[in-house]
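**Student:** whatever this is, show me its structure:
(chains A, B and C)
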Amino acid sequence: MEKVIFWFRRDLRLADNAGLYHALRSGKEVIPLFIFDKEILNGLKDRKDARVTFIHDTIRQLKLDLRAIGSDLIVKFGSPLTVWKEVVEEYSITAVFTNRDYEPYAKQRDEKIAEFLSSQNIGLIKHKDHVIFESDEVLKDDGNPYTVFTPYKRKWLTTLAKENTTNSYFLSSYPTSKYHSNFSKFENGPSISLEQMGFERSSISIPPAETTQSIIKNYHDRRNFPALNGTSRLGIHFRFGTISIREKARKAAKLSETYLSELIWRDFYSQILDHFPHIVTQAFRAKYDRIPWRNNKEDFEKWCKGETGYPIVDAGMRELNSTGHMHNRVRMITASFLTKHLLIDWRWGEAYFAEKLLDFDLASNNGGWQWASGSGTDAAPYFRIFNPHTQLDKFDKNREYTKRFVPEIGTDTYPDYIVDHKFARERCLETYKAALNS
DNA sequence: TGAAATGTTGGGGCG
DNA sequence: ACGCCCCAACATTTC
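**Tutor:** Residues are numbered from 1 along each chain as shown, chains lettered A, B, ... in the order given. The predicted structure is shown next:
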């Protein structure tokens, strides 16, 4: 019987997995494969990176689930091209199925792999799984991509309505389990330990993707208050595909337009990155690269550690450092503070978040930072500067969240303001104005 | 998904 | 009763 491989990447689940479904339905025997990508892992600073532990645990579980149905998961560690050269030696296959990944590194990697596979007469067949709509599915009438969220969202919603009426399959689950018998039967594909890859187990554990119906339902009213358990915390699960984005979009469409909007933001930033890859290193709006950032290293250190003297900023940074998570409202406040009050390049903050956030996603993180600094799509105008006092009073009125992470608030061990708000605000306005008008 | 400055209005104290 | 001032509350403009 002809064999094909299904290559898991950021879609680490058996249920409702588009590419896997198509592989299983191809009528061929499906061999599941996962590669721990050396190129990515070597770039990580922290040898105890919680995301690596999370992926490792997830892969182990996936392996167990596949064994339970008589198959297994092949797990490899190395540079993808090198690994693929080995794999095609070991297994006689006619095609590789996978799900599309839109990040610049992934696109380039997949192009190289496709080229190699093609030289072996093996096709690389990619499906949409990671987003609801890909970058060419929601475009302006003139064919250009949207760069402003609100009209994008409108078009996204009409596209969804259209799909739902014309395509009864849309947003429904891919019934992978019906085709489990098409998985290849083999045993004991060996595992790879964290240690073999140069990592150690992290002490930070990731909450599983539980049912979050009530959170989605009440999302609109509760999402802005960091003391509440009001956000879904599903970011990391979307990132690695341990839940299906379609499943959550289905629920969101029924339960909460505000939550659905957050999923639309995710598609929005994904298509922005796909269409405008220069944003990885440059401002979306070129003239924002003229801003003479102060980039003071001591200020940056204090921001990182949560020692700015502004309780809401410090609480956010300490939440990030100790848990790998930060409430979204607080992400905006800390990002505004770094770029506008301290005049530090948004790329520094972006890189710090990339290192620390369990739910780090290049497109969303970059989008958020460029939004905060004013340089991005749909950007907050540069003169929109969050007042950390006002934000604290509005969103953490009784200091419940702040005290959780900054217990010494109000005592003399708590640091003085790193910079006066009014002074910093005026300095920012002058700096931005001069740079943008020059 | 901002905040501050400035403008306008209207009620009330007061001579 | 009237004009004047103050100021809170709200609206608009500006950054």
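**Student:** could you point out which element follows the biggest strand by length in chain A?
**Tutor:** Taking DSSP state E as the assignment, the strand of chain A that covers the most residues is strand A:29-37. Of the helices and strands lying after strand A:29-37 in sequence (DSSP states H and E), the nearest is helix A:38-41.
**Student:** now do that following helix: everything it contacts.
**Tutor:** A:52, A:77, A:78, A:79, A:80, A:105, A:109, A:197, A:198, A:199 (CB atoms under 8 Å, 6 or more residues apart in numbering). Bear in mind the C-beta positions are built from the backbone N, C-alpha and C, glycine included.
**Student:** show me what contacts the second one?
**Tutor:** Translated: residue A:77. With contacts taken as CB under 8 Å, 6+ apart, residue A:77 has the following neighbours: A:35, A:36, A:38, A:83, A:192, A:196, A:197.
**Student:** quick check: mean pLDDT of the helix or strand hosting it?
**Tutor:** Residue A:77 is located in strand A:74-78, with elements delineated by DSSP H and E. In this model, strand A:74-78 has a mean pLDDT of 97.
**Student:** and what of stretch A:230-240?
**Tutor:** Taken as a whole, stretch A:230-240 carries a mean pLDDT of 95.
**Student:** quote the end-to-end distance of that stretch.
**Tutor:** With CA to CA, to the nearest Å as the measure, stretch A:230-240 spans 22 Å from end to end.
**Student:** hmm, it touching DNA strand B?
**Tutor:** No. Under the criterion of CB under 7 Å from any atom of the strand, stretch A:230-240 makes no contact with DNA strand B; the nearest approach is 11.6 Å.
**Student:** just how off-centre is that stretch within its chain?
**Tutor:** The offset between the C-alpha centroid of stretch A:230-240 and the centroid of the whole chain comes to 9 Å, using CA atoms, centre = their mean, to the nearest Å.
**Student:** next: stretch A:223-242.
**Tutor:** Remark: stretch A:223-242 is offset 11 Å from the chain centroid, using CA atoms, centre = their mean.
**Student:** ok, back up a step: the contacts of helix A:38-41 in strands, which ones?
**Tutor:** With strands defined by DSSP E, the entries of the contacts of helix A:38-41 inside them are A:77, A:78.
**Student:** just to revisit the earlier point, and the strand holding residue A:77, which strands flank it?
**Tutor:** strand A:29-37 (parallel) (DSSP bridges).
**Student:** buried residues, stretch A:225-240. List them.
**Tutor:** For stretch A:225-240, the buried set under the neighbour-count rule, 16 or more other CB atoms under 10 Å, comprises A:225-228, A:230-240.
**Student:** show me which of those residues neighbour DNA strand C.
**Tutor:** With CB under 7 Å from any atom of the strand as the criterion, no member of the buried residues of stretch A:225-240 is in contact with DNA strand C.
**Student:** closest one to DNA strand C out of those residues, please.
**Tutor:** Distance to DNA strand C across those (CB to the nearest atom of the strand) is lowest for residue A:225, with 22.7 Å.
**Student:** ok so the closest one is a strand residue?
**Tutor:** No. The assignment for residue A:225 by DSSP: H, G, I helix; E, B strand; the rest coil gives coil, which leaves it out of any strand.
**Student:** and for the longest strand of chain A, what are the contacting residues?
**Tutor:** Applying CB under 8 Å, 6+ apart, the set of residues contacting strand A:29-37 from outside is A:1-9, A:12, A:20, A:23-24, A:55, A:59, A:62, A:66, A:71-80, A:83, A:87, A:91, A:93, A:97, A:109, A:182-184, A:186, A:192, A:197.
**Student:** show me how far it is from its chain's centre.
**Tutor:** Chain-centre distance of strand A:29-37: 22 Å, with CA atoms, centre = their mean.
**Student:** next: stretch A:179-187.
**Tutor:** Relative to its parent chain, stretch A:179-187 has a centroid offset of 31 Å by CA atoms, centre = their mean.
**Student:** about what we covered before: ok, of the contacts of helix A:38-41, which come out buried?
**Tutor:** Among the contacts of helix A:38-41, those scoring as buried are A:52, A:77, A:78, A:80, A:109, A:197, A:199 (criterion: 16+ other CB under 10 Å).
**Student:** let me know the pLDDT of the first one.
**Tutor:** Residue A:52 carries a pLDDT score of 98 in this model.
**Student:** for it, which residues are in contact?
**Tutor:** Residues touching residue A:52, when contacts are defined by CB under 8 Å, 6+ apart, comprise A:41, A:44, A:194, A:197, A:199, A:202.
**Student:** of the residues you listed, closest to residue A:253?
**Tutor:** Closest to residue A:253 out of those is residue A:202 (34.8 Å), distances taken as CB to CB.
**Student:** pLDDT score for that closest one?
**Tutor:** Residue-level confidence at residue A:202 comes out at 96, pLDDT.
**Student:** and if you look at residue A:209?
**Tutor:** 85.
**Student:** closest residue of the stretch 201-350 of chain A to DNA strand C?
**Tutor:** Taking CB to the nearest atom of the strand, DNA strand C has its nearest neighbour within the stretch 201-350 of chain A at residue A:340, 11.5 Å off.
**Student:** helix, strand, or coil at that residue?
**Tutor:** helix.
**Student:** okay, now it: neighbour count?
**Tutor:** With neighbours defined by other CB atoms under 10 Å, the count for residue A:340 comes to 26.
**Student:** can you say which of the contacts of strand A:29-37 are buried?
**Tutor:** Buried subset of the contacts of strand A:29-37 (neighbour count, 16+ other CB under 10 Å): A:4-9, A:12, A:20, A:23-24, A:55, A:59, A:62, A:66, A:71-78, A:80, A:83, A:87, A:93, A:97, A:109, A:182-184, A:197.
**Student:** give me the nearest residue to residue A:294, chain neighbours excluded.
**Tutor:** residue A:343 (4.1 Å; CB to CB, 6 or more residues apart in numbering).
**Student:** surely the one you found and residue A:429 touch.
**Tutor:** No. The pair residue A:343 and residue A:429 fails to qualify as a contact (CB atoms under 8 Å) at a distance of 11.1 Å.
**Student:** who's more crowded, those two?
**Tutor:** In terms of neighbours (other CB under 10 Å), residue A:343 is the more surrounded of residue A:343 and residue A:429; the figures are 20 against 14.
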